[in-house]
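Peer 1: generate a structure from the sequence data that follows.
(2 chains)
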Amino acid sequence: MVKGLKILGLTAIVACGLSSQAFAQDKGCIALKSTAEVEQEVVNAKGEKSTKLVPLTKVVPGVEVIWTITANNICKQPSEKVSINDAVPEHMTYVANSAIGPGADIEFSVDGKTFAAADQLTVVESGASRKARADEYTAIRWNFKNSFAPGAQGFGRFRAILN
Amino acid sequence: MQSSRIFGAVAVTALAFGLGTNNANAVGAPAGTPINNTAQVDYTIGTVNTTASSNTVTVTVAEILDVVVTAQTPTVAVNAGDTQQEVRYRVTNTGNGSETFRLVMTSTIAGDQFDPIPATPSIYFDTDASGDLSPGDTPYVVGSNDPVLSADGFVTVLVVNSIPNWVVDTNIGFTRLTADSRTGTGVPGTTFVGQGVGGVDAVVGTTGADSEADSSYVVSGVSLTAAKSQTVVDQFGGARPVPGARINYSIVVNVTGSGSAINAVFSDNIPANTTYVPGTLRLNAAVLSDGADADAGDYSTTPAARVRVTLGNLTTASGPQTVTFAVVIN
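Peer 2: Numbers count the residues shown, from 1 in each chain, chains lettered A, B, ... in the order given. Predicted structure coming up:
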C-alpha cells in the first residue's frame, strides 16, 4: 500500500478523509461509498491559488464532476478479487484519461456488459470495428490486483462532464 | 492518515469548476434532473463471492441562466421622416430551464449619426410571425407580458422607431434590444439559491443572464430624375412641327442616392393634338408591344392616352433607363 500511496500522490487525488464519512451500505465485508465532488479554486492568505475538492451542492451543464468510489474492508479476514463497477451517470460524459485507481487495472465498457482496457475496447459502426472513444464509455471497472487486508481501503475515481 | 498528508502537498492541475471554462451556453441536462450514481463491488472471501452496492449519490442539475439576443435585420434601409420602422430580433433562452425575461430597448447609442425616435409602444412580439410590424402583433409591456421561454425556446421581437426628418443619405442610427433574466443577472457563477425551476438553485451562465444586440437604420434615400428630349421629323424631309410630322420622344430616367426605388413605373401621357404611333415603344432600345402583357410596356387610351413602362427595382447600379416612343401631330 505504500507504493499505492505514492501513485496516489502523483496523480493528485484524495483517498483518506473520505473514509471517516464512509458508512457500511450493507452487512458485507466491503463497505462501498460513492461521492460526487468538484474542484474549487482557493486562494490562501499569501494570495497563492490552489484547488481543492468540495462536495457537490449543485451542478450545471458543462461542469466536470469528480466521482470517487471507496471500498473499505471492514471485516477481520482479507477480501480477494475486489472489483468496483460504476456506471457513467446518465446525462454525463466521461472525460478521457480521467479514470484512476491505485493498484487496480481499469477497464471500460460501451454497452455495460463487455469490459476491456481502453486501448482494446472496440465498437462496431456501420459493420466495421473501431476503437471506442472515451465519450462512448458508459461504465468503468476497477479490478484490484491485490487482496484487501482487514481495514484496507482502495478507491476508483473518474471525471465526467454534465451534458 | 499518511495519505491525507500527501494530499495536502499536492496541487491539482486542471480547474474544472466554474462556468468560464465550459460550454455552458448550450442547453444541456434540464434543470431539476437528478443525476444518480450507485457503484457495485464484487469480492471474494474465502470461496464466497459477494456483490454489494454503494450508497446512491444524487446530484440535482441546477438551472443555468443564459440568454442570447440576435439581430435578425442588422441593417434596415429607411428614408428621412419614416415612421413605425421595425427591426427584428430573436431572444433565445440558452439556459436549461424555463425562464422569464425582461426586454428593454434604447436608441440613444454612441457612434451613430442620429438617434432613431422610439415609437409608442416601441417593442412588439411578432405574434403573427409575419416578420414585420403588422396589426396582429402584440405590444410588450414590461412586467405584464414578459416572455417566458422554455430551454432553447425563443421569441421574435420587433423594435420600432421613427426616423428624424433632418437625416441625410447614408446616415446611420443605432437601436438596441436588451433581454435579461428575471431571476437575476450577474457575473457567471452567481447563484440564486432555490430560485430556479422547481426550487433548484439558479446559476448565472456565461452570458451573464443578459444579452443585447444592435441594429442599424441606414438612411438610403433614392431619387429618380427623368430628362425628356424630342426630335421632329416632318413628312417633307424637314424638322417642322406641322400636322403629319412625327415627334420621337426619348426619356432618360436616372437614379441617384444609396437606396432602391422599388417597383418604379414610368408613365407619360400622349400630348394633346398628337396620336401615338403604334409599335414605337422601347425600353433601352428593346421593343415593347403595345398590349398590356408579359413585357414591361403598354399603350392605353383610357382614362387618357398614355404609354407606361414598368422599370422594376432601380438602384444607381441599374444605370440610366431610356424609354422612347413616337407620336404624330394631328
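
Peer 1: residue 122: neighbour count?
Peer 2: Let's take chain A. Neighbours of A:T122 under the rule other CB atoms under 10 Å in any protein chain shown: 14. Any C-beta I mention is one placed from the backbone N, CA and C, and that applies to glycine too.

Peer 1: please go with chain B instead
Peer 2: Neighbours of B:S122 (other CB under 10 Å): 23.

Peer 1: how about B:Q113?
Peer 2: That count, for B:Q113 with other CB under 10 Å as the rule, works out to 14.

Peer 1: next up, the contacts around it.
Peer 2: B:167, B:171-173 (CB atoms under 8 Å, 6 or more residues apart in numbering or on different chains).

Peer 1: before we move on, what SS does it have?
Peer 2: Classification of B:Q113 by DSSP: H, G, I helix; E, B strand; the rest coil places it in coil.

Peer 1: any idea of the pLDDT on it?
Peer 2: pLDDT for B:Q113: 95.

Peer 1: same thing with A:V2?
Peer 2: At A:V2, pLDDT is 41.

Peer 1: do B:A304 as well
Peer 2: pLDDT, B:A304: 87.

Peer 1: can you report how many residues lie near the residue of chain A found nearest chain B?
Peer 2: Nearest to chain B, among the residues of chain A, is A:P61, at 2.7 Å (CB to the nearest CB). Using other CB under 10 Å, A:P61 has 28 neighbouring residues.

Peer 1: nearest spatial neighbour of it, chain-adjacent residues omitted?
Peer 2: Spatial nearest neighbour of A:P61, excluding adjacent residues (CB to CB, 6 or more residues apart in numbering or on different chains): B:G28 at 2.7 Å.

Peer 1: hang on, that neighbour packs against A:I161?
Peer 2: No - with contacts counted by CB atoms under 8 Å, B:G28 stays clear of A:I161, the gap being 9.1 Å.

Peer 1: out of these two, which sits in the busier spot?
Peer 2: Counted by other CB under 10 Å, B:G28 and A:I161 do not tie: B:G28 has more neighbours, with 25 against 21.

Peer 1: so how far is B:V148 from the more buried one?
Peer 2: Distance, B:G28 to B:V148, by CB to CB, to the nearest Å: 20 Å.

Peer 1: tell me which helix or strand the residue of chain A closest to chain B sits in.
Peer 2: A:P61 is part of no helix or strand when elements are defined by DSSP states H and E.

Peer 1: per-residue pLDDT, it?
Peer 2: 87.

Peer 1: repeat that for A:K46.
Peer 2: So, for A:K46, pLDDT stands at 88.

Peer 1: part of a helix, is it?
Peer 2: No - applying three-state DSSP, one finds A:K46 to be coil, outside a helix.

Peer 1: for it, grab phi and psi.
Peer 2: phi -90, psi 0 (degrees, to the nearest 10).

Peer 1: B:G238 too?
Peer 2: Torsion angles, degrees, to the nearest 10, at B:G238: phi -110, psi -160.

Peer 1: ok, now which ones touch it?
Peer 2: Applying CB under 8 Å, 6+ apart, we find B:G238 in contact with no residue.

Peer 1: how much space separates it from B:G244?
Peer 2: Distance of B:G238 to B:G244, given as CB to CB: 12 Å.

Peer 1: likewise for B:R306?
Peer 2: The spacing between B:R306 and B:G244, counted by CB to CB, is 22 Å.

Peer 1: now B:A129
Peer 2: 63 Å.

Peer 1: and if you look at B:A305?
Peer 2: From B:A305 to B:G244 the distance is 18 Å (CB to CB).

Peer 1: who has more neighbours, the two?
Peer 2: Legend: neighbour count by other CB under 10 Å for B:A305 and B:G244, higher for B:A305 (16 against 10).
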